[in-house]
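# Following is a predicted model, sequence given first.
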Amino acid sequence: MTELDDILLREAHDVLWRELPGLEGDVPLAPLCAYGVGGPAELLYRAETTVALAHAVRTAREVGVPLTVLGRATNVLVGDAGLPGLTVLARNEAHTLDGGILMVEAGAELPGLVSELAGQSLAGLEFAGNIPGSVGGAVVGNAGAYGRSMSDVLVSVHLLDGMTEHVKEPRELDFGYRTSLFKQLPELTVLSATFQLQRGERNALLHEIARDAELRRSKHPLEYASCGSYFKNPSRELPAARLIEDAGLKGFTRGKARVSEKHANFLVALPGATALDIVALAEEVKRRVREQSGYELVEEVRRLGF
Ligand SMILES: Cc1cc2nc3c(=O)[nH]c(=O)nc-3n(C[C@H](O)[C@H](O)[C@H](O)COP(=O)(O)OP(=O)(O)OC[C@H]3O[C@@H](n4cnc5c(N)ncnc54)[C@H](O)[C@@H]3O)c2cc1C
(Lines give C-alpha, C1' and ligand atoms only; values in the text may rest on other atoms or scores of the structure.)
Protein backbone atom coordinates (compact mmCIF):
# COMPACT_ATOMS: atom_id res chain seq x y z
CA MET A 1 0.00 0.00 0.00
CA THR A 2 1.41 3.42 -0.95
CA GLU A 3 1.39 6.37 1.45
CA LEU A 4 -1.47 7.92 -0.55
CA ASP A 5 -3.55 4.70 -0.33
CA ASP A 6 -2.95 4.71 3.40
CA ILE A 7 -4.19 8.31 3.77
CA LEU A 8 -7.28 7.60 1.63
CA LEU A 9 -8.12 4.48 3.64
CA ARG A 10 -7.79 6.39 6.90
CA GLU A 11 -10.06 9.13 5.54
CA ALA A 12 -12.62 6.49 4.45
CA HIS A 13 -12.56 4.93 7.93
CA ASP A 14 -12.96 8.38 9.51
CA VAL A 15 -16.14 8.88 7.46
CA LEU A 16 -17.50 5.51 8.63
CA TRP A 17 -16.74 6.28 12.30
CA ARG A 18 -18.49 9.63 11.91
CA GLU A 19 -21.53 8.35 10.00
CA LEU A 20 -22.24 5.07 11.83
CA PRO A 21 -22.86 5.54 15.56
CA GLY A 22 -22.00 2.40 17.50
CA LEU A 23 -19.43 1.26 14.92
CA GLU A 24 -16.87 -1.14 16.45
CA GLY A 25 -13.35 -2.06 15.38
CA ASP A 26 -11.63 -5.46 15.29
CA VAL A 27 -14.63 -7.50 16.46
CA PRO A 28 -14.30 -11.32 16.66
CA LEU A 29 -16.85 -12.85 14.29
CA ALA A 30 -16.59 -16.48 15.48
CA PRO A 31 -19.08 -16.00 18.36
CA LEU A 32 -21.53 -14.40 15.92
CA CYS A 33 -21.34 -17.23 13.35
CA ALA A 34 -23.13 -20.60 13.47
CA TYR A 35 -19.83 -22.30 12.63
CA GLY A 36 -18.10 -20.60 15.59
CA VAL A 37 -14.93 -20.08 13.56
CA GLY A 38 -13.33 -17.23 11.61
CA GLY A 39 -11.33 -14.12 12.33
CA PRO A 40 -12.45 -10.59 13.23
CA ALA A 41 -14.37 -7.96 11.31
CA GLU A 42 -12.11 -4.97 10.74
CA LEU A 43 -15.18 -2.77 11.34
CA LEU A 44 -18.58 -4.01 12.52
CA TYR A 45 -21.90 -2.18 12.49
CA ARG A 46 -25.25 -3.45 13.78
CA ALA A 47 -28.00 -1.79 11.73
CA GLU A 48 -31.07 -1.65 13.96
CA THR A 49 -33.38 -0.01 11.43
CA THR A 50 -33.86 -0.25 7.68
CA VAL A 51 -32.78 3.37 7.31
CA ALA A 52 -29.55 2.57 9.22
CA LEU A 53 -28.94 -0.54 7.07
CA ALA A 54 -29.33 1.38 3.81
CA HIS A 55 -27.21 4.28 5.14
CA ALA A 56 -24.36 1.96 6.20
CA VAL A 57 -24.30 0.20 2.84
CA ARG A 58 -24.43 3.47 0.89
CA THR A 59 -21.70 5.06 3.02
CA ALA A 60 -19.33 2.08 2.60
CA ARG A 61 -19.90 2.25 -1.16
CA GLU A 62 -19.38 6.00 -1.29
CA VAL A 63 -15.99 5.75 0.42
CA GLY A 64 -14.97 2.56 -1.39
CA VAL A 65 -14.48 0.30 1.64
CA PRO A 66 -15.00 -3.50 1.21
CA LEU A 67 -18.50 -4.37 2.44
CA THR A 68 -20.16 -7.54 3.73
CA VAL A 69 -23.82 -7.63 4.76
CA LEU A 70 -24.75 -10.49 7.08
CA GLY A 71 -27.97 -11.68 8.69
CA ARG A 72 -27.42 -14.25 11.47
CA ALA A 73 -24.35 -15.85 9.81
CA THR A 74 -25.90 -19.34 9.72
CA ASN A 75 -24.88 -20.00 6.12
CA VAL A 76 -21.41 -18.46 5.88
CA LEU A 77 -17.91 -19.69 6.60
CA VAL A 78 -15.70 -16.74 7.54
CA GLY A 79 -11.97 -17.22 6.91
CA ASP A 80 -9.47 -17.29 9.76
CA ALA A 81 -8.07 -13.87 8.76
CA GLY A 82 -11.52 -12.31 9.17
CA LEU A 83 -13.26 -9.78 6.96
CA PRO A 84 -11.67 -6.58 5.69
CA GLY A 85 -13.56 -3.29 5.62
CA LEU A 86 -17.08 -2.96 6.97
CA THR A 87 -19.30 -5.86 8.06
CA VAL A 88 -22.92 -4.84 8.54
CA LEU A 89 -25.20 -7.05 10.63
CA ALA A 90 -28.85 -6.58 9.61
CA ARG A 91 -30.67 -6.15 12.93
CA ASN A 92 -33.72 -4.34 11.56
CA GLU A 93 -36.42 -6.63 12.87
CA ALA A 94 -39.81 -4.91 12.67
CA HIS A 95 -42.82 -6.30 10.83
CA THR A 96 -46.32 -5.20 9.96
CA LEU A 97 -49.39 -7.24 9.08
CA ASP A 98 -52.22 -6.10 6.88
CA GLY A 99 -54.69 -8.96 6.57
CA GLY A 100 -52.59 -11.74 5.04
CA ILE A 101 -49.85 -9.41 3.81
CA LEU A 102 -46.71 -9.51 5.95
CA MET A 103 -44.00 -6.86 5.49
CA VAL A 104 -40.90 -7.80 7.44
CA GLU A 105 -37.47 -6.19 7.72
CA ALA A 106 -34.40 -8.12 6.60
CA GLY A 107 -32.88 -8.60 10.04
CA ALA A 108 -35.91 -10.32 11.61
CA GLU A 109 -35.09 -13.75 12.97
CA LEU A 110 -37.05 -16.27 10.88
CA PRO A 111 -37.99 -19.06 13.35
CA GLY A 112 -39.26 -16.60 15.98
CA LEU A 113 -41.29 -14.77 13.36
CA VAL A 114 -42.83 -17.97 11.96
CA SER A 115 -43.85 -19.15 15.45
CA GLU A 116 -45.41 -15.77 16.16
CA LEU A 117 -47.35 -15.93 12.87
CA ALA A 118 -48.54 -19.47 13.63
CA GLY A 119 -49.71 -18.24 17.04
CA GLN A 120 -51.84 -15.71 15.16
CA SER A 121 -53.25 -18.46 12.88
CA LEU A 122 -51.29 -17.22 9.86
CA ALA A 123 -50.03 -19.92 7.50
CA GLY A 124 -47.58 -19.98 4.60
CA LEU A 125 -44.13 -19.83 6.17
CA GLU A 126 -44.38 -22.78 8.58
CA PHE A 127 -41.94 -24.84 6.45
CA ALA A 128 -39.32 -22.29 7.62
CA GLY A 129 -40.21 -22.49 11.30
CA ASN A 130 -36.90 -24.20 12.12
CA ILE A 131 -34.60 -22.66 9.52
CA PRO A 132 -32.15 -20.59 11.54
CA GLY A 133 -31.18 -17.13 10.31
CA SER A 134 -32.75 -13.89 9.19
CA VAL A 135 -35.46 -13.10 6.68
CA GLY A 136 -32.88 -11.33 4.47
CA GLY A 137 -30.52 -14.31 4.49
CA ALA A 138 -33.44 -16.63 3.72
CA VAL A 139 -34.47 -14.51 0.73
CA VAL A 140 -30.88 -14.37 -0.59
CA GLY A 141 -30.48 -18.17 -0.42
CA ASN A 142 -34.15 -18.92 -1.17
CA ALA A 143 -34.11 -21.03 1.98
CA GLY A 144 -36.51 -23.91 2.13
CA ALA A 145 -37.51 -27.32 3.39
CA TYR A 146 -39.95 -30.07 2.43
CA GLY A 147 -40.15 -28.89 -1.19
CA ARG A 148 -41.17 -25.34 -0.29
CA SER A 149 -39.03 -22.21 -0.31
CA MET A 150 -39.20 -18.50 0.42
CA SER A 151 -39.93 -17.50 -3.19
CA ASP A 152 -43.21 -19.53 -3.07
CA VAL A 153 -44.66 -17.08 -0.54
CA LEU A 154 -42.87 -13.89 -1.53
CA VAL A 155 -44.78 -10.95 -3.02
CA SER A 156 -41.93 -8.44 -3.35
CA VAL A 157 -38.52 -7.45 -2.01
CA HIS A 158 -37.49 -3.93 -1.05
CA LEU A 159 -33.82 -3.78 -1.96
CA LEU A 160 -30.87 -1.52 -2.45
CA ASP A 161 -29.17 -1.87 -5.84
CA GLY A 162 -25.89 -0.01 -5.55
CA MET A 163 -27.09 3.30 -4.15
CA THR A 164 -30.75 3.13 -5.29
CA GLU A 165 -33.79 1.58 -3.60
CA HIS A 166 -36.26 -0.52 -5.60
CA VAL A 167 -39.17 -2.86 -4.99
CA LYS A 168 -38.89 -6.03 -7.11
CA GLU A 169 -41.21 -8.95 -7.70
CA PRO A 170 -39.97 -12.54 -7.39
CA ARG A 171 -40.01 -13.06 -11.18
CA GLU A 172 -37.34 -10.34 -11.47
CA LEU A 173 -35.06 -11.98 -8.91
CA ASP A 174 -34.06 -15.25 -10.58
CA PHE A 175 -35.05 -17.56 -7.71
CA GLY A 176 -34.09 -21.23 -7.92
CA TYR A 177 -33.06 -24.06 -5.62
CA ARG A 178 -31.09 -22.27 -2.82
CA THR A 179 -30.27 -19.40 -5.13
CA SER A 180 -31.40 -15.96 -6.32
CA LEU A 181 -30.12 -12.89 -8.13
CA PHE A 182 -28.80 -11.69 -4.74
CA LYS A 183 -26.22 -14.49 -4.83
CA GLN A 184 -25.00 -13.39 -8.26
CA LEU A 185 -24.97 -9.62 -7.67
CA PRO A 186 -23.23 -8.49 -4.47
CA GLU A 187 -24.43 -4.90 -5.06
CA LEU A 188 -27.95 -6.00 -4.05
CA THR A 189 -28.98 -5.73 -0.40
CA VAL A 190 -32.30 -6.99 0.97
CA LEU A 191 -33.86 -4.27 3.12
CA SER A 192 -37.26 -5.89 3.71
CA ALA A 193 -39.60 -8.43 2.12
CA THR A 194 -43.35 -8.82 1.71
CA PHE A 195 -45.11 -12.20 1.89
CA GLN A 196 -48.65 -13.42 1.18
CA LEU A 197 -50.02 -15.51 4.05
CA GLN A 198 -53.34 -17.32 4.56
CA ARG A 199 -55.54 -18.06 7.54
CA GLY A 200 -54.61 -21.39 9.10
CA GLU A 201 -55.51 -23.43 12.16
CA ARG A 202 -53.34 -22.21 15.06
CA ASN A 203 -52.79 -25.54 16.84
CA ALA A 204 -52.13 -27.43 13.60
CA LEU A 205 -49.52 -24.85 12.57
CA LEU A 206 -47.78 -24.89 15.96
CA HIS A 207 -47.87 -28.69 15.95
CA GLU A 208 -46.28 -28.81 12.47
CA ILE A 209 -43.42 -26.54 13.59
CA ALA A 210 -42.85 -28.59 16.75
CA ARG A 211 -42.90 -31.88 14.79
CA ASP A 212 -40.33 -30.47 12.35
CA ALA A 213 -38.10 -29.43 15.27
CA GLU A 214 -38.34 -32.95 16.68
CA LEU A 215 -37.50 -34.49 13.30
CA ARG A 216 -34.48 -32.21 12.94
CA ARG A 217 -33.27 -33.09 16.45
CA SER A 218 -33.41 -36.78 15.55
CA LYS A 219 -31.72 -36.44 12.12
CA HIS A 220 -29.28 -33.55 12.48
CA PRO A 221 -26.14 -33.29 14.66
CA LEU A 222 -27.38 -30.17 16.42
CA GLU A 223 -24.95 -30.77 19.30
CA TYR A 224 -22.11 -29.56 17.01
CA ALA A 225 -21.50 -26.22 15.30
CA SER A 226 -22.41 -26.29 11.61
CA CYS A 227 -24.18 -24.35 8.89
CA GLY A 228 -26.73 -27.11 8.27
CA SER A 229 -26.34 -28.87 4.92
CA TYR A 230 -22.94 -27.94 3.53
CA PHE A 231 -23.54 -28.95 -0.10
CA LYS A 232 -26.55 -28.52 -2.36
CA ASN A 233 -28.41 -31.68 -3.30
CA PRO A 234 -27.67 -32.59 -6.95
CA SER A 235 -31.42 -33.36 -7.22
CA ARG A 236 -34.36 -34.18 -4.96
CA GLU A 237 -33.89 -37.86 -5.69
CA LEU A 238 -30.14 -37.68 -5.09
CA PRO A 239 -29.26 -35.97 -1.81
CA ALA A 240 -25.64 -34.89 -1.32
CA ALA A 241 -25.67 -36.83 1.98
CA ARG A 242 -26.15 -40.12 0.09
CA LEU A 243 -23.22 -39.41 -2.26
CA ILE A 244 -20.98 -38.56 0.71
CA GLU A 245 -22.10 -41.63 2.63
CA ASP A 246 -21.62 -43.88 -0.41
CA ALA A 247 -18.07 -42.55 -0.71
CA GLY A 248 -17.48 -43.98 2.79
CA LEU A 249 -16.98 -40.56 4.34
CA LYS A 250 -19.22 -40.61 7.42
CA GLY A 251 -16.97 -39.71 10.35
CA PHE A 252 -14.14 -38.64 8.02
CA THR A 253 -12.10 -35.94 9.79
CA ARG A 254 -9.63 -33.24 8.74
CA GLY A 255 -8.07 -31.34 11.63
CA LYS A 256 -11.03 -30.50 13.87
CA ALA A 257 -13.68 -30.67 11.15
CA ARG A 258 -15.71 -33.84 10.63
CA VAL A 259 -18.33 -35.33 8.33
CA SER A 260 -21.15 -36.00 10.79
CA GLU A 261 -21.90 -39.66 11.56
CA LYS A 262 -25.55 -38.68 11.95
CA HIS A 263 -26.05 -36.77 8.67
CA ALA A 264 -23.27 -36.93 6.07
CA ASN A 265 -24.05 -33.51 4.54
CA PHE A 266 -23.32 -31.78 7.85
CA LEU A 267 -19.61 -30.88 8.04
CA VAL A 268 -19.37 -30.13 11.72
CA ALA A 269 -16.79 -28.02 13.56
CA LEU A 270 -15.36 -29.76 16.63
CA PRO A 271 -14.10 -27.58 19.48
CA GLY A 272 -10.91 -25.80 18.37
CA ALA A 273 -11.70 -26.06 14.62
CA THR A 274 -10.44 -23.41 12.22
CA ALA A 275 -12.11 -22.23 9.03
CA LEU A 276 -9.22 -23.83 7.15
CA ASP A 277 -10.04 -27.24 8.72
CA ILE A 278 -13.59 -26.97 7.36
CA VAL A 279 -12.43 -25.89 3.90
CA ALA A 280 -9.84 -28.69 3.78
CA LEU A 281 -12.52 -31.22 4.75
CA ALA A 282 -14.98 -29.85 2.17
CA GLU A 283 -12.37 -30.03 -0.61
CA GLU A 284 -11.45 -33.60 0.28
CA VAL A 285 -15.13 -34.62 0.41
CA LYS A 286 -15.67 -33.08 -3.03
CA ARG A 287 -12.60 -34.84 -4.43
CA ARG A 288 -13.58 -38.26 -3.10
CA VAL A 289 -17.24 -37.94 -4.16
CA ARG A 290 -16.09 -36.91 -7.64
CA GLU A 291 -13.79 -39.95 -7.83
CA GLN A 292 -16.43 -42.33 -6.47
CA SER A 293 -19.54 -41.13 -8.33
CA GLY A 294 -18.55 -38.55 -10.95
CA TYR A 295 -20.75 -35.91 -9.23
CA GLU A 296 -19.31 -32.44 -8.54
CA LEU A 297 -20.74 -31.26 -5.23
CA VAL A 298 -21.54 -27.54 -5.06
CA GLU A 299 -21.35 -25.59 -1.79
CA GLU A 300 -24.51 -24.14 -0.28
CA VAL A 301 -22.47 -22.50 2.49
CA ARG A 302 -20.82 -19.28 1.34
CA ARG A 303 -17.10 -18.73 1.99
CA LEU A 304 -16.20 -15.18 2.96
CA GLY A 305 -12.77 -13.66 3.46
CA PHE A 306 -10.67 -16.40 1.87
C1 LIG B 1 -28.71 -26.23 11.98
C2 LIG B 1 -29.01 -25.56 10.66
C3 LIG B 1 -30.05 -26.00 9.89
C4 LIG B 1 -30.34 -25.39 8.66
N5 LIG B 1 -31.40 -25.84 7.93
C6 LIG B 1 -31.71 -25.23 6.75
C7 LIG B 1 -32.85 -25.66 5.98
O8 LIG B 1 -33.60 -26.55 6.35
N9 LIG B 1 -33.08 -25.02 4.80
C10 LIG B 1 -32.28 -24.01 4.34
O11 LIG B 1 -32.55 -23.47 3.26
N12 LIG B 1 -31.21 -23.58 5.06
C13 LIG B 1 -30.91 -24.17 6.23
N14 LIG B 1 -29.83 -23.74 6.96
C15 LIG B 1 -28.97 -22.68 6.44
C16 LIG B 1 -29.37 -21.26 6.92
O17 LIG B 1 -30.19 -21.35 8.03
C18 LIG B 1 -30.10 -20.49 5.83
O19 LIG B 1 -29.32 -20.41 4.68
C20 LIG B 1 -30.50 -19.08 6.31
O21 LIG B 1 -31.53 -18.61 5.48
C22 LIG B 1 -29.34 -18.09 6.29
O23 LIG B 1 -29.77 -16.86 6.88
P24 LIG B 1 -28.73 -15.90 7.61
O25 LIG B 1 -29.44 -14.69 8.05
O26 LIG B 1 -28.01 -16.63 8.68
O27 LIG B 1 -27.74 -15.56 6.40
P28 LIG B 1 -26.18 -15.28 6.53
O29 LIG B 1 -25.48 -16.57 6.80
O30 LIG B 1 -25.93 -14.15 7.44
O31 LIG B 1 -25.86 -14.83 5.03
C32 LIG B 1 -25.98 -15.74 3.97
C33 LIG B 1 -25.66 -14.98 2.66
O34 LIG B 1 -26.64 -13.98 2.45
C35 LIG B 1 -26.06 -12.68 2.45
N36 LIG B 1 -27.00 -11.79 3.16
C37 LIG B 1 -27.54 -11.95 4.40
N38 LIG B 1 -28.41 -10.96 4.66
C39 LIG B 1 -28.43 -10.15 3.57
C40 LIG B 1 -29.13 -8.97 3.21
N41 LIG B 1 -30.01 -8.39 4.03
N42 LIG B 1 -28.88 -8.42 2.00
C43 LIG B 1 -28.00 -8.98 1.14
N44 LIG B 1 -27.30 -10.10 1.42
C45 LIG B 1 -27.51 -10.68 2.62
C46 LIG B 1 -24.71 -12.81 3.14
O47 LIG B 1 -23.79 -11.86 2.66
C48 LIG B 1 -24.32 -14.24 2.75
O49 LIG B 1 -23.75 -14.25 1.46
C50 LIG B 1 -29.53 -24.33 8.20
C51 LIG B 1 -28.48 -23.87 9.01
C52 LIG B 1 -28.21 -24.47 10.23
C53 LIG B 1 -27.09 -23.94 11.08
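Right, received. Where do you want to start? The structure displayed is predicted, hence computed values, not measured ones.

# thought A275 was touching L77?
Yes: the criterion here is C-beta atoms under 8 Å, and A275 meets it with L77 at 5.7 Å. To be clear about C-beta, it is placed using only N, CA and C from the backbone, and glycine gets the same treatment.

# Quick check: neighbours shared by those two?
35, 37-38 (C-beta atoms under 8 Å, 6 or more residues apart in numbering).

# which of these lies closest to the ligand?
Nearest to the ligand, judged by C-beta to the nearest ligand atom, of these is Y35 at 8.2 Å.

# how about stretch 235-249: buried residues?
For stretch 235-249, a neighbour-count test (16 or more other C-beta atoms under 10 Å) marks 239-241, 243-245, 247, 249 as buried.

# Tell me the one among those residues nearest to E105.
Nearest to E105 out of the buried residues of stretch 235-249 is A240 (C-beta to C-beta; 32.2 Å).

# Excluding chain neighbours, what is closest to the closest one?
F231 (4.0 Å; C-beta to C-beta, 6 or more residues apart in numbering).

# If that neighbour is in a bridge, with which residues?
E299 (DSSP bridges).

# separation between it and L297?
Distance of F231 to L297, computed by C-beta to C-beta, to the nearest Å: 4 Å.

# Now for those two: what residues contact both?
With C-beta under 8 Å, 6+ apart, F231 and L297 have common neighbours 240, 244, 285-286.

# Identify, from the buried residues of stretch 235-249, the entry nearest to E187.
After measuring the buried residues of stretch 235-249 against E187 - C-beta to C-beta - the closest member comes out as A240, at 29.9 Å.

# my read: the closest one touches G228, true?
No: judged on C-beta under 8 Å, A240 makes no contact with G228 at a distance of 11.7 Å.

# Including distance to the ligand and secondary structure, could the shared contacts of F231 and L297 go into a markdown table?
Formatted as a markdown table, the shared contacts of F231 and L297 follow (distance: C-beta to the nearest ligand atom, whole Å; DSSP: H, G, I helix; E, B strand; the rest coil):
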| residue | distance to the ligand | secondary structure |
| --- | --- | --- |
| A240 | 13 | helix |
| I244 | 17 | helix |
| V285 | 18 | helix |
| K286 | 19 | helix |
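
# downstream neighbour of the helix or strand bottoming out on mean pLDDT in the chain in the secondary structure list?
In the chain, no helix or strand scores lower on mean pLDDT, DSSP states H and E than helix 3-19, which sits at a mean of 94. Using DSSP states H and E, the helix or strand that directly follows helix 3-19 along the chain is strand 24-28.

# Let me see the residues that make contact with the next helix-or-strand element following that next one.
Later in the chain than strand 24-28, the nearest helix or strand by DSSP H and E is strand 40-47. Strand 40-47 is contacted by residues 13, 16, 20, 22-29, 53, 55-56, 65, 68, 82-92, 107 when judged by C-beta under 8 Å, 6+ apart.

# got a list of contacts for the helix or strand just after strand 40-47?
Downstream of strand 40-47, the first helix or strand assigned by DSSP H and E is helix 50-63. With contact meaning C-beta under 8 Å, 6+ apart, helix 50-63 is reached by 11-12, 15-16, 19-20, 45, 47, 66-67, 69, 85-86, 88, 90, 92, 105-107, 158, 160, 162-163, 165, 189, 191-192.

# With stretch 234-253 instead?
147, 229-233, 258-261, 263-265, 270, 281, 284-285, 288-289, 291-293, 295, 297.

# next one: that stretch to chain centre, how far?
From the chain centre to the centre of stretch 234-253 is a distance of 22 Å (C-alpha atoms, centre = their mean, to the nearest Å).

# what's the answer for stretch 13-32, then?
On C-alpha atoms, centre = their mean, the centre of stretch 13-32 falls 20 Å from that of its chain.

# ok, that stretch near the ligand or not?
No: shown here: stretch 13-32 not in contact with the ligand (C-beta under 6 Å from any ligand atom), separated by at least 9.2 Å.

# Of all residues in the stretch 201-306 of the chain, which one is closest to the ligand?
For the stretch 201-306 of the chain, C-beta to the nearest ligand atom, closest residue to the ligand: G228, 2.5 Å.

# What degree of burial does R18 show, as a neighbour count?
10 (other C-beta atoms under 10 Å).

# State the distance from it to E11.
For R18 relative to E11 (C-beta to C-beta), the value is 11 Å.

# Please apply the same query to F306.
28 Å.

# A41 now?
A41 sits 20 Å away from E11 when distances are taken as C-beta to C-beta.

# Who has more neighbours out of those two?
A41 (26 against 10).

# so where does V190 fall, helix or strand?
strand 188-196.

# which residues are in contact with that strand?
Contacts of strand 188-196 (C-beta under 8 Å, 6+ apart): 50, 53-54, 57, 69, 90, 92, 100-106, 124-125, 135-136, 139-140, 150, 153-161, 165, 181-182.
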